[in-house]
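Novice: Fold the following, please.
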Amino acid sequence: MHSAQAAITDGQGNVSIENILVDDPAGDEVLVDIKASGICHTDYDSMSWGSPLILGHEGAGIVKAIGPDVTQFAIGDKVILNWAIPCHSCYQCEAGNQSICEKNSPVTGKNPLHGHARLESSRYQDSGIARSFNLGTMANLSLVREPAVIALSEDMPFSSACILGCGVMTGVGSVTNAAKLTPGSSAVVIGAGGVGLNVIQGARIAGASQIIAIDLSEKRLETAKQFGATHTVLASREDKGLLKAAEQVKALTNQRGADYAFECTAVPQLGAAPLAMVRNAGTAVQVSGIEQEITMDMELFEWDKLYINPLYGKCCPDRDFPKLLDHYAAGELLLEELVTQTYKLEELPTAFDDLLAGKNAKGVILF
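Specialist: Residues are numbered from 1 along each chain as shown. As a prediction, this is how the structure comes out:
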């Protein structure tokens, strides 16, 4: 077994840095020396899921050991970790919906601890401990199955590579895979935080002619321009449902509304806001994962509007990660610019405070 340090939550809102033991890999398992782990709102939320677990689901590092059945990786390989592992044989995988695999997804079954990882392979206080999304990247060692590992073929910092495994994939994929934005279209992005910035650059990469960013922060709106926003709208907290902001959007789009609108705030009260931004027969996309019960004025659907709620940008790992790496190599996908602050593992409480205060586009833990 290998000793490691990990950020462990008790499931009741508390976190501490503790020593753990990690097994040698068996079967198709890969032991990864984690070099960087992204920090997102899901990590903060997972501290209140009711069960102890190792935090973190965005990671990148170097292969330290492999099981006897591993065929695609060798010790020393640079890799990215991906939490959405398809089985390739269930109904959803065969339908092309790999991100909601019926067998392996830790999300669609409403159990983020379920799936493909051996519980006993990581031990804390003589008991097996679960890993967030079966990864637990806020530890300097993570034991995962080979299908969770993506080859890092491009020369990029680990701090940039780690965020591909959730925030970047969710943002870009929501544009290209879920909305299927067509070149020359107009798009509205509500919320210019980490995910919103990736939606913005996804829209730019997809060829949108007009990208309107909406946020409460002038600083964030300035950052949005760097990632591809062509117009910005400064929102107000008093603007219920962003209906006044929607009027500004219409003024920018021939009084018609945008072709696509993406909600990236995770604020339940804004769940219907993208419908107010799109034209008749336009597409509204709920990107941020709102799961609370909300009320919605059905007139916002008039007429022929489509509202979709994709998971993880409808990621198909074998298809999408090589595309993201190609976009990075071509200078189209900005990653270093997203990482505005790095932290040590023991600084995680400060990192969460900065996350909640909206100080960073993206924070990353470096090991």
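Novice: Tell me the spacing between G27 and L143.
Specialist: The spacing between G27 and L143, counted by CB to CB, to the nearest Å, is 11 Å. All C-beta spots, glycine's among them, are computed from the backbone N, C-alpha and C.
Novice: Torsion angles phi and psi at the closest residue to Y124 other than its chain neighbours?
Specialist: For Y124, the nearest residue in space outside its immediate sequence neighbours is I20; the separation is 4.9 Å by CB to CB, 6 or more residues apart in numbering. Backbone geometry at I20, expressed as degrees, to the nearest 10, gives phi -130, psi 170.
Novice: now do E302
Specialist: The phi/psi pair for E302 (degrees, to the nearest 10) is phi -80, psi 130.
Novice: From L55, how far off is the residue nearest to Y124?
Specialist: The value you get for I20 to L55, if CB to CB is used, is 12 Å.
Novice: more neighbours, the two?
Specialist: Set side by side, I20 and L55 give different neighbour counts by other CB atoms under 10 Å, the larger being at L55 (27 against 22).
Novice: Surely that one is in contact with S132?
Specialist: Yes: in this structure L55 lies within contact range of S132 using CB atoms under 8 Å: 5.4 Å.
Novice: Between the two, which contacts overlap?
Specialist: Shared contacts of L55 and S132, defined by CB atoms under 8 Å, 6 or more residues apart in numbering, comprise D43, S46, M138.
Novice: which stretches of this structure have low pLDDT?
Specialist: Counting by pLDDT under 70, the chain shows low-confidence ranges at 108-120.
Novice: mind giving me the domain ranges of the chain?
Specialist: For the chain, the domain assignment from automatic domain parsing gives the residue ranges 2-157+336-366, 171-311.
Novice: In the stretch 101-250 of the chain, what residue spans correspond to strands?
Specialist: In the stretch 101-250 of the chain, the segments counted as strands under DSSP state E, counting those that start in this stretch are 122-124, 127-128, 130-131, 141-145, 149-151, 186-190, 210-215, 231-234.
Novice: could these be laid out in a markdown table, adding mean neighbour count and distance to E291?
Specialist: Output for the strands of the stretch 101-250 of the chain, formatted as a markdown table (neighbours: other CB atoms under 10 Å; distance: least, CB to CB, whole Å):
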| stretch | mean neighbour count | distance to E291 |
| --- | --- | --- |
| strand 122-124 | 20 | 27 |
| strand 127-128 | 11 | 28 |
| strand 130-131 | 26 | 20 |
| strand 141-145 | 26 | 26 |
| strand 149-151 | 21 | 27 |
| strand 186-190 | 32 | 17 |
| strand 210-215 | 26 | 22 |
| strand 231-234 | 18 | 26 |
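Novice: May I see those organised as a markdown table, with distance to E336 added?
Specialist: Conversion of those to a markdown table gives the following (distance: least, CB to CB, whole Å):
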| stretch | distance to E336 |
| --- | --- |
| strand 122-124 | 31 |
| strand 127-128 | 37 |
| strand 130-131 | 27 |
| strand 141-145 | 23 |
| strand 149-151 | 19 |
| strand 186-190 | 21 |
| strand 210-215 | 20 |
| strand 231-234 | 23 |
